[in-house]
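Asker: Sharing a model prediction with you, sequence too.
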Amino acid sequence: MAHSDYEDSDFTAESESMMDIEADSDYDEISSQYDSCYSSGSDNTTTLFSEVTNYKFEHGRRYHAYAEGLYWGPNDDKQNQQLEIFHHIFTMVLEGRLFLSPIEQPKKVLDLGTGTGIWAIEMADFLPNSQILGNDLSPVQPTWLDFPAIPANCTFEIDDFLRPWTHTSGSFDLIYARGLYGCVDEWPQLLSQAYNALAPGGWFESVEVKPYFCTETTPDNKLAEGTILKRWGELAVEASVKSGRPLDIAGNVGGWMKRTGFVNVSEKPFKVPYGPWPKGERMKMIGKLMCVNVLEGLEGFTLALFTRYLGWSAKQYTDFHNLIVTEMRDPHLNLWVLM
């Protein structure tokens, strides 16, 4: 996680303990809880409305039509449910906070890649005197017909943030970007546009996750060679590089921000457990939710990448997918991801 503004700050992020998770040694109970996690998963700015909603279908999954192919993830109900689960995990990791930038009352906020709009909606509830704008390629957010689900101070636009922005200089006090891995081909260009759209003293906050698992069972936290999970991460990163929009960007955004001209750039890492292996109810619950999150999103994370850029058939991916799920259920791996 990286954030920055134009002016000095004494801000220091909390939750240092998130990088030091103690493992629970009751493997029988952990195994039982893994089983319950897996049984929780389900089985399943343009006015050109037809361009936006004429969705594309590949291998039984639905993808965005507007700026077709730019984003690897589906926009169907299954994937949208996963996005909302991840949002809940994120707020638990941050102990209920929606952002870490040290700005108390940003008047105008832009949420890049808003997805289902859940972060923008909660921000609008949290800041009723602020204007929150959510931007995405897919019109999967609630509409005004869903009022009061959408606060009056929250709006959404369908637009491609990789194209030249129409927002004028000084338009926003906070620009928030979460989960843009695999979506951006030119980060310096995106950050330059964000920089120009911020008001003096404004903040840009980025949240990204490493696209592979780590483990507590090895000194260097790397999975053993030959494991399916290690191979999955390597293939996903390879496919994303071939697409021109890399997944493995967590830890790099801060450097790009500095080169763009942002000041007071700071980065805060969080270790997010996968599975109920940690001690402590809060971390155990985060781990359980991560199980459901990955189970719901696993196919959507990599199906398009593997079939579009690695030349795999849907059958090949399905077989590999099943091996991934089997290995993820090993309660002795003590898996986690870096955010």
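Answerer: The structure has been received and is ready for your questions.
Asker: How are the strands of the chain distributed by residue range?
Answerer: Under the criterion DSSP state E, the chain carries strands at the ranges 2-5, 56-58, 61-63, 108-112, 131-136, 154-158, 172-178, 198-207, 214-215, 263-267, 271-274, 335-338.
Asker: In CSV, please show the C-alpha coordinates belonging to the longest one.
Answerer: What follows is the C-alpha trace of strand 198-207 in CSV, where atoms were taken according to Å, rounded to 0.1, in the frame of the first residue of the first chain:
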residue,chain,number,x,y,z
LEU,A,198,-5.2,16.5,-7.5
ALA,A,199,-5.7,19.7,-5.6
PRO,A,200,-2.6,21.1,-3.7
GLY,A,201,-2.3,19.0,-0.6
GLY,A,202,-4.3,16.2,-2.1
TRP,A,203,-3.4,12.5,-1.7
PHE,A,204,-3.1,9.5,-4.0
GLU,A,205,-3.5,6.1,-2.4
SER,A,206,-2.7,2.8,-4.0
VAL,A,207,-3.5,-0.7,-2.7
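Asker: Could I get the buried residue list for it?
Answerer: Neighbour counts over strand 198-207 (16 or more other C-beta atoms under 10 Å) mark L198, A199, G202, W203, F204, E205, S206, V207 as buried. Placement of C-beta: from N, CA and C, glycine included.
Asker: can you give me how far that strand is from the chain middle?
Answerer: With C-alpha atoms, centre = their mean, to the nearest Å as the basis, strand 198-207 stands 18 Å off its chain's centre.
Asker: what mean pLDDT does it have?
Answerer: In this model, strand 198-207 carries a mean pLDDT of 97.
Asker: what inclination does that strand have with respect to strand 263-267?
Answerer: Between strand 198-207 and strand 263-267, the angle comes out at 10 degrees (axes from the mean of the first three to the mean of the last three C-alpha atoms, to 10 degrees).
Asker: Identify, by residue count, the longest helix of the chain.
Answerer: For the chain, the helix that runs over the most residues, judged by DSSP state H, is helix 281-309.
Asker: so what secondary structure elements neighbour it?
Answerer: Applying 3 or more C-beta pairs under 8 Å, 6 or more residues apart in numbering; DSSP states H and E, we find helix 281-309 packed against helix 27-39, strand 56-58, strand 61-63, helix 77-93, helix 228-243, strand 271-274, helix 314-328.
Asker: which parts of that helix are buried?
Answerer: Residues 283-307, 309 are the ones in helix 281-309 that count as buried (16+ other C-beta under 10 Å).
Asker: now that helix against helix 77-93, angle please.
Answerer: For helix 281-309 against helix 77-93, the angle between stretch directions is 140 degrees (the same axes, to 10 degrees).
Asker: Give me the pLDDT for A2.
Answerer: Reported pLDDT for A2: 59.
Asker: what do you get for A239?
Answerer: With respect to pLDDT, A239 has a value of 95.
Asker: how close does it get to A199?
Answerer: According to C-beta to C-beta, to the nearest Å, A239 and A199 sit 38 Å apart.
Asker: Check F90 too.
Answerer: Following C-beta to C-beta, the distance that separates F90 from A199 is 26 Å.
Asker: Can you find the helix or strand in the protein with the smallest mean pLDDT?
Answerer: For the chain, using mean pLDDT, DSSP states H and E, the weakest element among its helices and strands is helix 49-53, scoring a mean of 39.
Asker: returning to what we had before: could you dump the strands of the chain into a markdown table with distance to E234 added?
Answerer: What follows is the strands of the chain, written out as a markdown table (distance: least, C-beta to C-beta, whole Å):
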| stretch | distance to E234 |
| --- | --- |
| strand 2-5 | 25 |
| strand 56-58 | 23 |
| strand 61-63 | 23 |
| strand 108-112 | 28 |
| strand 131-136 | 29 |
| strand 154-158 | 34 |
| strand 172-178 | 24 |
| strand 198-207 | 23 |
| strand 214-215 | 14 |
| strand 263-267 | 24 |
| strand 271-274 | 18 |
| strand 335-338 | 15 |
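Asker: Among those strands, which one carries the weakest average confidence?
Answerer: Of all those, the minimum mean pLDDT falls on strand 56-58 (a mean of 51).
Asker: how about low-confidence regions in the chain?
Answerer: When the per-residue scores of the chain are filtered using pLDDT under 70, the ranges that remain are 1-19, 25-80, 139-148.
Asker: Return the residues in contact with the spatially most central residue of it.
Answerer: Of all residues in the chain, the one closest to the mean position by C-alpha atoms, centre = their mean is G179, 2.8 Å from it. For G179, the contact set (C-beta atoms under 8 Å, 6 or more residues apart in numbering) comprises F86, G113, G115, V207, E208, V209.
Asker: at 10 Å what do you get?
Answerer: By C-beta atoms under 10 Å, 6 or more residues apart in numbering, the contact set of G179 is 73, 83, 86-87, 90, 112-113, 115, 119, 206-209, 339.
Asker: Next: T114.
Answerer: Counting by C-beta under 10 Å, 6+ apart, T114 touches 83, 120-121, 132-136, 138, 140-141, 154, 156-157, 176, 178.
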